[in-house]
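Engineer: Sequence first, predicted coordinates after that:
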Amino acid sequence: MGCSLGEGAEHVRFGCSGQLLTITPYFLKTKPMGQSYYNTNNESGQTLKNSEGKAIYQEEIVLAFLKKNSGVPYPAHTVHKECFESSVPLTSCRRAITNLENDGLIELVEGIMVTGLYGKQVHVWRFKQQKGQLKLL
């Protein structure tokens, strides 16, 4: 591709596919703590910080995967399978997708649904090309 990794970038091999992705810690620098993890179980202290850090990192991985596969729509269960080990709950992947959509970095693809894990139709998302952004091949 000819792109540099950028400051603080790292390569991550993950999930069932074993893909190698480049993660640039976008959110670690730009997203305030408390905006990725929904603290519904009232964690505090270091436990809360650890949970927030994991949530941010999960968003980084999902964003990198969708960006690498730019233009291709994926349902949450496929993103989960491609990006995470089985120890990461599917709900964590769904939370990351919701947060990324709310942040305007990925988009729900209207008019396309696929059969999900339980036989029901589910939505798909893709990386959102920003205005003026060139798509690298």
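Structural biologist: Sure thing, it's come through. Everything numeric in this text was worked out from a predicted model, so none of it was measured.
Engineer: Which helix in this structure has the most residues?
Structural biologist: Longest helix of the chain, by residue count under DSSP state H: helix 45-68.
Engineer: Against which helices or strands is that helix packed?
Structural biologist: strand 10-14, strand 19-23, helix 26-30, helix 76-83, helix 90-102, strand 106-115, strand 121-127 (3 or more Cβ pairs under 8 Å, 6 or more residues apart in numbering; DSSP states H and E). For glycine as for every other residue, the C-beta is placed from the backbone atoms N, C-alpha and C.
Engineer: OK, contacts around the spatially most central residue of the chain?
Structural biologist: Centroid-nearest residue in the chain: Val62, 2.0 Å away (criterion: Cα atoms, centre = their mean). Taking Cβ atoms under 8 Å, 6 or more residues apart in numbering as the contact definition, Val62 lies against Val79, Cys83, Cys93, Ala96, Ile97, Leu100, Ile106.
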